[in-house]
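Engineer: What would the 3D arrangement of this be:
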Amino acid sequence: MTKFSTALIGCVLALTSAIAWGADGTAQQVRELETAKRELAQKSITTKGIGRHKLALEERKVDGLIDDLKSGKPVSPSEIDRVLQEAEKLAD
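Structural biologist: I've put the predicted structure just below:
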């Protein structure tokens, strides 16, 4: 093998593993966000008034992040963490 083909194979392997890792990371984030969305929806069933409104707003934020991740848009990990923390706080 030439140096060029060896380097090309190395680049392809690195890119493939990076794509696979990114897809797994995104899938995990989507699962976490979907769990948070379900918990918010369950909590809103037994909540009335302004509390229910806050839960609905947070559920929409979570849903928007899920849509962005599924469509391949870049989403800041800190934004995901912030939304997950807020959802957990509201769902308790």
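Engineer: list the contacts for the closest residue to A87 other than its chain neighbours?
Structural biologist: Distances taken as C-beta to C-beta, 6 or more residues apart in numbering place A36 nearest to A87, at 4.0 Å, with adjacent residues excluded. For the C-beta atoms, the positions are set from N, CA and C on the backbone; glycine is no exception. Listed by C-beta atoms under 8 Å, 6 or more residues apart in numbering, the contact partners of A36 are V62, V83, L84, A87, E88, A91.
Engineer: how about 6 Å then?
Structural biologist: A36 makes contact with V62, L84, A87, according to C-beta atoms under 6 Å, 6 or more residues apart in numbering.
Engineer: all helices of the protein, in order?
Structural biologist: Ranges of helices within the chain are 3-45, 50-70, 77-91, based on DSSP state H.
Engineer: Could you pull out the buried residues of the shortest one?
Structural biologist: Residues of helix 77-91 classed as buried by neighbour count (16 or more other C-beta atoms under 10 Å): I80, V83, L84, E86, A87, L90, A91.
Engineer: Name all residues that make contact with the closest residue to the fourth one other than its chain neighbours.
Structural biologist: The one in question is E86. Leaving aside its sequence neighbours, E86 sits nearest to E58 (C-beta to C-beta, 6+ apart; 6.0 Å). For E58, the contacting residues are L40, E86, A87, L90, by C-beta under 6 Å, 6+ apart.
Engineer: tell me the two of the residues you listed that are most distant?
Structural biologist: Largest separation among the contacts of E58 by C-beta to C-beta: L40 and E86, giving 9.8 Å.
Engineer: mind checking pLDDT for the residue nearest the centre of the chain?
Structural biologist: In the chain, the centroid-proximal residue (C-alpha atoms, centre = their mean) is Q29; its distance is 3.3 Å. pLDDT, Q29: 94.
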